[in-house]
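A.B. asks: Make a model of this:
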Amino acid sequence: MDYKQKVTAALVKALDGQLTAEEIASKLERPKTSDKGDLAFPTFTLAKVLHRAPQQIAQDLADKLATTDFEKVEVVGPYLNFFFDKSTYSEATLETVLTAGASYGQNEDGEGGNVPIDMSSPNIAKPMSMGHLRSTVIGNSIAEILTKNGYHPIKDNHLGDWGTQFGKLITAYKLWGNEADVKADPINKLVEYYVRFHKEDVDKPELDDTAREWFKKLEDGDEEAHHLWEWFREASLQEFNDVYKELGVKFDTYNGEAFYNDKLAEVVQILKDKHLLVESQGAQVVDLSKYDLNPALILKSDGASLYITRDIATALYRDRTYAPAKNLYVVGSEQTYYFKQLKAVLKEMGVKSADNLQHVPFGLITVDGKKLSTRSGRIILLAKVLEESVKLAGEEINEKNPDLKNRQVVAQQVGVGAIVFGDLKNERTNNIDFVLADQLKFEGETGPYVQYSHARAESILRKAGDVEVAATGNQVADPEAWDTIKALADFPAIVKMACDELEPSVVAKYAIRLAKTFNKYYAHSKILTKDADLPARLALVKAVSTVLKESLRLLGVQAPDEM
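C.D. replies: The predicted model follows:
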């Protein structure tokens with residue numbers, strides 16, 4: 001039941017059309033506590049128009065309103081506070097949730113439109129550090145949210161498997177590496193070589209020249225360079241996939257930068273044909289002054305490609321293959337300017353989906369306030385963090401519930417879920433200073449707290465035994481349940497908002513709010529008392545369990561039935 005629409009319609013009538021429905025709806029507020037009403041309309045902005053004090057305007061409107069659709073309407077200073085009809089509202093809300101089940105909140109706004117999501121995208125021959133977590137889990141959650149809104153996401157792990165770093169890595173391997181060491185411990189050894197290269201090239205700039213030569217050989221199909229590249233790539237992918245399996249993240253494609261290497265010539269030709277390439281100090285650039293942007297460097301003076309050359313080829317491929325409704329790049333905020341350049345070049349080229357290209361930026365993840373960097377050797381391995389989190393979750397479960405079945409499975413769900421939820425509860429553009437112990441708390445705004453709230457709801461339903469819970473006719477009279485009922489009713493709007501803003505934290509914060517209202521209800525009400533209202537109370541518990549589980553799923557987090 002859309003009470004916001006009811007309030008809006010009632011106010012449009014009372015105001016004799018002085019404000020449109022859209023204007024009224026945009027001004028409606030949610031009071032901080034239910035004793036102040038369920039929706040409030042502030043009258044400040046009407047004072048100048050109606051030449052009366054806001055308090056008087058509120059009272060005049062109250063006198064005009066037909067209140068049959070509401071429990072009551074109160075005037076509090078300049079506010080007009082609307083109280084919903086609790087019995088009707090609770091019955092309608094619970095029926096909607098229980099009838100739809102896990103489909104509750106689903107809409108078809110996206111009309112099946114394809115949305116490629118460039119996400120995760122680790123660099124080959126480097127371990128997945130905590131720095132890779134954000135793009136991976138944000139992209140994965142956005143994909144789930146898009147699906148819930150009727151889109152068809154295509155998760156594209158655009159691997160960093162090409163570029164000058166391979167010239168550096170091959171140079172380092174040729175100078176200091178050997179095959180036996182790499183085979184014994186591939187990623188750690190390759191990182192060791194890479195870090196050493198960056199330490200030594202400070203005093204030996206000629207190393208950079210050698211690295212550029214090796215990358216040019218790789219681009220030109222040199223047999224030795226290609227063999228080493230293929231070996232480094234395969235070893236890296238095996239390790240990446242172990243981490244993705246742990247996180248529960250799957251991809252639709254792993255087309256990395258190398259996939260587009262044979263498509264670069266066409267990009268350059270299109271740019272030439274459209275007279276967009278300009279020579280600058282021997283290099284080839286696209287002038288973007290009409291966009292107030294610096295020139296985009298497309299080819300170096302030696303003819304080597306750059307990130308943007310390959311990203312143009314990628315965008316062109318996605319445009320032709322998917323005809324994207326949106327084309328998303330889940331990449332750190334530091335690349336914002338770069339994506340403005342990329343979008344501008346694509347628009348100049350006439351790529352159809354250029355206007356739909358959207359950078360989805362996110363802030364840094366730091367540890368003890370310091371940025372992570374493979375180049376400087378400051379790495380915290382994501383696999384190790386997940387392992388430690390699962391271990392600590394297991395210890396917590398053993399202490400709280402030593403008889404729990406499938407303890408290791410639950411520890412896995414809680415430990416990994418804590419890391420994922422701990423990231424996604426933050427607005428994505430904010431920086432995060434990672435503290436594992438804070439993420440794993442079973443109290444407060446954490447993943448384990450929301451998971452435990454879901455498990456508590458499931459426990460209540462198990463204890464109720466064979467009491468039949470119907471989808472219809474459930475009027476919950478208990479005033480302690482009211483905030484939970486309203487939170488349940490908000491879920492479809494939350495799903496839409498998270499999609500519109502491409503913001504998983506909208507769902508995470510909602511899940512925390514729903515869990516808090518439910519736990520407050522649980523603490524103050526005897527749910528399992530055998531009386532005539534027991535089925536209705538259980539219907540509420542079942543609805544909470546359903547929506548918490550679905551909220552967690554949209555974040556890529558498991559919801560154990562027992563903890």
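
A.B. asks: For the rest of this, base every contact and every neighbour count on C-alpha atoms.
C.D. replies: Fine.

A.B. asks: list the buried ones in stretch 384-393?
C.D. replies: 385-386, 389-393 (16 or more other Cα atoms under 10 Å).

A.B. asks: Okay, now stretch 526-542: how far is its last residue from its first?
C.D. replies: 16 Å (Cα to Cα, to the nearest Å).

A.B. asks: And the contacts of stretch 337-346?
C.D. replies: Stretch 337-346 is contacted by residues 286, 288, 291, 293-294, 296, 308, 311-312, 354-355, 357, 359 when judged by Cα atoms under 8 Å, 6 or more residues apart in numbering.

A.B. asks: just the helices in the stretch 101-250 of the chain please.
C.D. replies: With helices called from DSSP state H, counting those that start in this stretch, the stretch 101-250 of the chain shows them at 133-148, 164-176, 179-184, 186-200, 206-219, 223-247.

A.B. asks: Need the per-residue pLDDT for Asp252.
C.D. replies: Asp252 carries a pLDDT value of 97.

A.B. asks: Could you count how many residues lie near it?
C.D. replies: 12 (other Cα atoms under 10 Å).

A.B. asks: Could you check how far it is from Thr314?
C.D. replies: Counting by Cα to Cα - Asp252 and Thr314 are separated by 15 Å.

A.B. asks: any idea how far Ala559 lies from Trp482?
C.D. replies: For Ala559, the distance to Trp482 - Cα to Cα - is 24 Å.

A.B. asks: the more surrounded of the two?
C.D. replies: Ala559 (26 against 21).

A.B. asks: Verify the stated contact: that one with Gln413.
C.D. replies: Yes: counting by Cα atoms under 8 Å, Gln413 is a contact partner of Ala559 at 7.5 Å.

A.B. asks: What segments of the stretch 251-400 of the chain are strands?
C.D. replies: Ranges of strands in the stretch 251-400 of the chain, per DSSP state E, counting those that start in this stretch, are 277-280, 283-286, 296-299, 327-330, 357-360, 365-367, 370-371.

A.B. asks: what's near enough to touch Lys526?
C.D. replies: Contacts of Lys526 by Cα under 8 Å, 6+ apart: none found.

A.B. asks: go on, Ser87?
C.D. replies: 475-477.

A.B. asks: Which of those ranks first by neighbour count?
C.D. replies: Result: Val476 is most packed of these (other Cα under 10 Å), 25 neighbours.

A.B. asks: residue contacts, that one?
C.D. replies: Taking Cα under 8 Å, 6+ apart as the definition, contacts of Val476 comprise 87, 90-91, 533, 536-537, 540.

A.B. asks: Any chance of the residues you listed in a markdown table with distance to Lys64 as columns?
C.D. replies: Listed next are the contacts of Val476 as a markdown table, based on distance: Cα to Cα, whole Å:
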| residue | distance to Lys64 |
| --- | --- |
| Ser87 | 25 |
| Ser90 | 27 |
| Glu91 | 28 |
| Asp533 | 37 |
| Ala536 | 36 |
| Arg537 | 37 |
| Leu540 | 35 |
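
A.B. asks: ok, and the most crowded of these?
C.D. replies: That'd be Leu540 among the contacts of Val476, by other Cα under 10 Å, with 31 neighbours.

A.B. asks: Is it located within a strand, as I assumed?
C.D. replies: No: Leu540 sits outside any strand when classified using DSSP: H, G, I helix; E, B strand; the rest coil, being helix.

A.B. asks: how much space between the residue nearest to it when sequence neighbours are not counted and Pro535?
C.D. replies: In space, and not counting its chain neighbours, Leu540 is closest to Leu94: 6.6 Å by Cα to Cα, 6 or more residues apart in numbering. Distance, Leu94 to Pro535, by Cα to Cα: 12 Å.

A.B. asks: Same check on Gln475?
C.D. replies: From Gln475 to Pro535 the distance is 10 Å (Cα to Cα).

A.B. asks: list the contacts for the nearest residue to Lys263 once chain neighbours are set aside?
C.D. replies: Counting by Cα to Cα, 6+ apart, Ala313 is the residue found nearest to Lys263 once chain neighbours are left out, at 6.1 Å. Neighbour list for Ala313: 260, 263-264, 267 [criterion: Cα under 8 Å, 6+ apart].

A.B. asks: Model confidence at Ala313, what's the number?
C.D. replies: 97.

A.B. asks: One more: the one 5 residues further on?
C.D. replies: What the model reports for Arg318 is a pLDDT of 98.

A.B. asks: and if you look at Arg407?
C.D. replies: 95.

A.B. asks: That one: how many residues sit nearby?
C.D. replies: Neighbour tally, Arg407, other Cα under 10 Å: 19.

A.B. asks: Report the separation between it and Glu387.
C.D. replies: 15 Å.

A.B. asks: Then Leu46?
C.D. replies: On the measure of Cα to Cα, Leu46 and Glu387 end up 58 Å apart.

A.B. asks: again, but for Gln413
C.D. replies: Taking Cα to Cα, one finds Gln413 at 12 Å from Glu387.

A.B. asks: Same check on Phe41?
C.D. replies: For Phe41, the distance to Glu387 - Cα to Cα - is 50 Å.

A.B. asks: got it, and Ile124?
C.D. replies: Applying Cα to Cα to Ile124 and Glu387 gives a distance of 22 Å.

A.B. asks: which among the contacts of stretch 337-346 gets closest to Leu50?
C.D. replies: Lowest distance from Leu50 to these (Cα to Cα) belongs to Asp355, with 43.4 Å.

A.B. asks: Now tell me which helix or strand of this structure has the poorest mean pLDDT.
C.D. replies: Ranked by mean pLDDT, DSSP states H and E, the weakest helix or strand in the chain is strand 370-371, scoring a mean of 73.

A.B. asks: tell me which strands and helices that one is in contact with?
C.D. replies: Using 3 or more Cα pairs under 8 Å, 6 or more residues apart in numbering; DSSP states H and E, no helix or strand is in contact with strand 370-371.

A.B. asks: quick one: strands adjacent to that strand?
C.D. replies: strand 365-367 (antiparallel) (DSSP bridges).

A.B. asks: Residues contacting the strand it pairs with, please?
C.D. replies: So strand 365-367 is contacted by 130-131, 134, 371-372, 431-435 (Cα under 8 Å, 6+ apart).

A.B. asks: which among those end up buried?
C.D. replies: For the contacts of strand 365-367, buried by 16+ other Cα under 10 Å: 130-131, 134, 372, 431-432, 434.

A.B. asks: on that earlier part again, taking the contacts of Val476 one by one, which sit in strands?
C.D. replies: Using DSSP state E, no member of those falls in strands.

A.B. asks: between those, which is closest to Leu328?
C.D. replies: Among those, and counting by Cα to Cα, the member closest to Leu328 is Leu540, at 37.5 Å.

A.B. asks: In contact with that closest one, which residues?
C.D. replies: Neighbouring residues of Leu540 by Cα under 8 Å, 6+ apart: 94, 476, 485.

A.B. asks: Nearest to Tyr104 among the residues you listed?
C.D. replies: Of these, the one sitting nearest to Tyr104 (Cα to Cα) turns out to be Leu94, at 10.7 Å.

A.B. asks: Wait, the closest one touches Ala539, no?
C.D. replies: Yes: with contacts defined as Cα under 8 Å, Leu94 counts as touching Ala539 at a distance of 6.9 Å.

A.B. asks: Overlap of the contact sets of the two?
C.D. replies: 471, 474.

A.B. asks: low-confidence ranges in the stretch 251-400 of the chain?
C.D. replies: Regions of the stretch 251-400 of the chain meeting the criterion pLDDT under 70 cover residues 368, 372-378.

A.B. asks: For it, just list every one of the helices.
C.D. replies: 264-273, 307-322, 336-349, 382-400.

A.B. asks: Please convert those to a markdown table, extending it with distance to Leu514.
C.D. replies: Below are these laid out as a markdown table (distance: least, Cα to Cα, whole Å):
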| stretch | distance to Leu514 |
| --- | --- |
| helix 264-273 | 50 |
| helix 307-322 | 37 |
| helix 336-349 | 34 |
| helix 382-400 | 23 |
